[in-house]
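S.K.: got a predicted model here, sequence first, then my questions.
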Amino acid sequence: MNSFLNNLKKIFAAPAGDGSSGFITFKVICSNCGEEITIKVRKSNDISRINAGEGPQDAEFFLRKEILGEKCRNLIYIDVYFRSDFSIVSRKISGGKFVE
């Protein structure tokens, strides 16, 4: 049981950001109210593998995410394609813009 709890701690306490963690972080700005929103997506269940020939060349994974901030009801949609190392091949956003 102790190892199970330690594994849970590793999963949920993993730092966001770098490609070696279990998460990928995105920052977006709502086009309606200007709120900056940070989201973390989990590589293990938020991102899907795609079939050969789907998406852009070199893409192996895909993320589609709806984002809702706290200031308004504007939904922000992102579509992101990744290589096997989770580097971004292409990304698209509506209802906001990516923070560089």
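M.R.: Everything's here; your move.
S.K.: quick one: the helices in the protein?
M.R.: Assigned helices in the chain, in chain order: 2-12 (criterion: DSSP state H).
S.K.: excluding chain neighbours, what is closest to the spatially most central residue of it?
M.R.: Closest residue to the average C-alpha location of the chain: Val41 at 3.9 Å, with C-alpha atoms, centre = their mean. Among residues not flanking Val41 along the chain, Ile24 sits closest, at 5.2 Å (C-beta to C-beta, 6 or more residues apart in numbering). (C-beta placed from N, C-alpha, C; glycine too.)
S.K.: was I right to think the one you found contacts Phe86?
M.R.: Yes. Using C-beta atoms under 8 Å, Ile24 makes contact with Phe86 at a distance of 6.2 Å.
S.K.: between these two, tell me which one has more neighbours.
M.R.: Ile24 (21 against 15; other C-beta atoms under 10 Å).
S.K.: for Ser87, see how far away the more buried one is.
M.R.: Distance, Ile24 to Ser87, by C-beta to C-beta, to the nearest Å: 10 Å.
S.K.: all strands of this protein, in order?
M.R.: Taking DSSP state E as the criterion, the chain carries its strands at 23-30, 36-42, 48-49, 61-68, 75-82, 88-94, 96-98.
S.K.: closest to Gly55 out of those strands?
M.R.: Among the strands of the chain, the nearest to Gly55 by C-beta to C-beta is strand 75-82 (4.8 Å).
S.K.: who does Lys27 bridge with?
M.R.: Thr38 (DSSP bridges).
S.K.: isn't it right next to Val99, touching?
M.R.: Yes. Counting by C-beta under 8 Å, Lys27 does reach Val99; the two are 3.8 Å apart.
S.K.: what residues are shared contacts of these two?
M.R.: Counting by C-beta atoms under 8 Å, 6 or more residues apart in numbering, the common neighbours of Lys27 and Val99 are Glu36.
S.K.: can you give me the buried ones in stretch 48-61?
M.R.: Neighbour-count burial for stretch 48-61, with 16 or more other C-beta atoms under 10 Å as criterion, is recorded at 55, 59-61.
S.K.: give me the contact list for it.
M.R.: 47, 62-63, 81-84, 86, 89-90.
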